[in-house]
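Peer 1: model the following, please.
(one chain, ligands or ions: 2)
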Amino acid sequence: MSALPMVVPEPGLPTAVTIYEVGARDGLQNEKALVPVEVKEEFVRRLLAAGLPLVEATSFVHPTWVPQLADAAELMTRLGEVGRDLPVLVPNERGLDRALELGLRHVAIFGSATETFARKNLNRSFDEQFAMFEPTVARAREAGLDVRAYVSMCFGDPWEGAVPVDQVVAAGVRLLDLGASQLSLGDTIGVGTAGHVTALVAAFTAAGVTPDRLALHFHDTYGQALSNVQAGLRAGVTTYDASAGGLGGCPYAESATGNLATEDLVWFLTGLGIEHGVDLTSLVATSTWMAGHLGRPSPSAVVRALGG
Ligand code: HMG
Ligand code: MG
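Peer 2: Ligands and ions are numbered 1, 2, ... in the order given. Purely as a prediction, here's the structure:
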């Protein structure tokens, strides 16, 4: 069997996309057994070697909140100069300070579209989260860093249920207004469907946030992630978050399962003739290697089909 699909473009779609790899952060943050730092370092280096242009490496969050990533400083130190341009999550000024001490140049804040998840994930009310982010982003920008902003629970929330599109847009615009360069719209629990994606991107456009400032971040809980990517492509979004091997979940959102697998995304984009720059064979080898470390097979259909 071919290791690549036949290429049949769909007219009107973007000709190239950027894959923003979150496997080392979103993928590993939920793992109960601690993954040794040298394995994380090799994972990041292999993801970069596979051609992924943006590899989010870790989080500078409170170590008791996410024990798996308590080794963030050690990982970034081991990565050295290679690590300086890799994005890392910072929730607040303390996290930013830790990133600045290491000379990192790209951070990401992460907000919530809902009150309940803001409290559960950040220990802040919906409004208080922006007060926490404001000085964080301002200081990051003053120091010359690039800042990405995530917004979670854009398509549904396990505690609050449906999340109105207008509420998501309002939260996203507030995050961008703080000075973030890009907004990643998170379907944290994977409940979104294609029409919802179309409506959300259109609502952002109507609010003055064009698709070039958006990224889409899908979890594949209900198997909708690639259909949602297709809706995003048709709406003109050209950055997609994905996790090698489909690792992932959020420790503070119980119903969150793995992210869209990067291999599944690469197969899909390749078939559409959309440039992404990633070598699928080395990516599958990396996810197969990581699955061996984690002691269970990858949930990615493409890794299962090609990985042996
Ligand atoms: P808090 O307990 O309210 O913190 O937690 P605080 O500000 O009250 O500070 C308490 C103590 O923690 C202080 O120490 C601080 O210095 C320290 P003390 O003075 O008592 O000795 N502290 C820190 N230490 C190290 N690093 C820090 C830090 N901040 C404070 N950054 C906090 C608030 C935001 C820190 C906490 O809630 C937290 O760490 N949350 C992170 C949760 C998380 O990582 N969730 C997963 C990522 S989000 C996600 O996965 C979704 C996404 O993928 C998109 C999607 O799918 O939707 C992005
Ligand atoms: Mg996520």
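Peer 1: when you work out contacts or count neighbours from here on, use the C-alpha atoms and nothing else.
Peer 2: Noted.
Peer 1: OK, contacts around residue 213?
Peer 2: Applying C-alpha atoms under 8 Å, 6 or more residues apart in numbering, we find residue 213 in contact with 181-183.
Peer 1: where does the stretch 51-200 of the chain dip in pLDDT?
Peer 2: For the stretch 51-200 of the chain, applying pLDDT under 70 flags no range at all.
Peer 1: check contacts around the nearest residue to residue 103 once chain neighbours are set aside.
Peer 2: Distances taken as C-alpha to C-alpha, 6 or more residues apart in numbering put residue 84 closest to residue 103, at 6.4 Å, once the chain neighbours are dropped. Residues in contact with residue 84 (C-alpha under 8 Å, 6+ apart) are 76, 102-106.
Peer 1: any buried residues in stretch 227-247, and which?
Peer 2: 228-247 (16 or more other C-alpha atoms under 10 Å).
Peer 1: so where does residue 226 fall, helix or strand?
Peer 2: helix 225-234 (DSSP states H and E).
Peer 1: now do that helix: everything it contacts.
Peer 2: Outside helix 225-234, the residues that touch it by C-alpha under 8 Å, 6+ apart are 12-14, 190, 192-195, 197-198, 201, 216, 218-219, 238, 240, 260, 264-265, 268.
Peer 1: list buried residues within those.
Peer 2: 13-14, 190, 192-194, 197-198, 201, 216, 218-219, 238, 240, 260, 264-265, 268.
Peer 1: inside strands: which ones of those?
Peer 2: When DSSP state E is applied, the buried ones among the contacts of helix 225-234 are split such that 216, 218, 240 fall in strands.
Peer 1: next structured bit after the longest helix out of those in the chain?
Peer 2: The helix that spans the most residues within the chain, counting by DSSP state H, is helix 126-142. Moving toward the C-terminus from helix 126-142, the next helix or strand (DSSP H and E) is strand 146-152.
Peer 1: partners of that following strand in the sheet?
Peer 2: Note on strand 146-152: by DSSP bridges, its sheet partners are strand 106-112 (parallel), strand 182-187 (parallel).
Peer 1: helices or strands up against the helix or strand following that strand?
Peer 2: Using DSSP H and E, the next helix or strand after strand 146-152 towards the C-terminus is helix 165-177. Where contact means 3 or more C-alpha pairs under 8 Å, 6 or more residues apart in numbering; DSSP states H and E, helix 165-177 is packed against strand 146-152, strand 182-187, helix 194-206.
Peer 1: swap the cut-off to 6 Å and go again
Peer 2: Of the remaining helices and strands, none touches helix 165-177 by 3 or more C-alpha pairs under 6 Å, 6 or more residues apart in numbering; DSSP states H and E.
Peer 1: can you list contacts of it?
Peer 2: Identification of contacts with helix 165-177 by C-alpha atoms under 6 Å, 6 or more residues apart in numbering yields 113, 154, 204.
Peer 1: get me the contact residues on the stretch 101-250 of the chain for ligand 1.
Peer 2: By the rule C-alpha under 6 Å from any ligand atom, the part of the stretch 101-250 of the chain lying against ligand 1 is 110, 121-123, 150, 152-153, 186-188, 250.
Peer 1: redo the contacts of residue 213 as CSV? Include neighbour count.
Peer 2: Shown next, in CSV, are the contacts of residue 213 (neighbours: other C-alpha atoms under 10 Å):
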residue, neighbour count
181, 15
182, 22
183, 26
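Peer 1: now, which of those sits nearest ligand 1?
Peer 2: Ligand 1 has its nearest neighbour among the contacts of residue 213 in residue 183, at 10.6 Å by C-alpha to the nearest ligand atom.
Peer 1: these two touch, right, the closest one and residue 149?
Peer 2: Yes: contact criterion C-alpha atoms under 6 Å: residue 183 and residue 149 qualify, at 4.9 Å.
Peer 1: what about residue 295, how many neighbours?
Peer 2: Residue 295 has 9 neighbouring residues, counting by other C-alpha atoms under 10 Å.
Peer 1: kindly report the same for the one 5 residues further on.
Peer 2: When neighbours are defined as other C-alpha under 10 Å, residue 300 has 25 of them.
Peer 1: list the contacts of it.
Peer 2: Counting by C-alpha under 6 Å, 6+ apart, residue 300 touches 245-246, 261.
Peer 1: if we use 8 Å, what do you get?
Peer 2: Contacts for residue 300 (C-alpha under 8 Å, 6+ apart) come out as 245-246, 261, 263-264.
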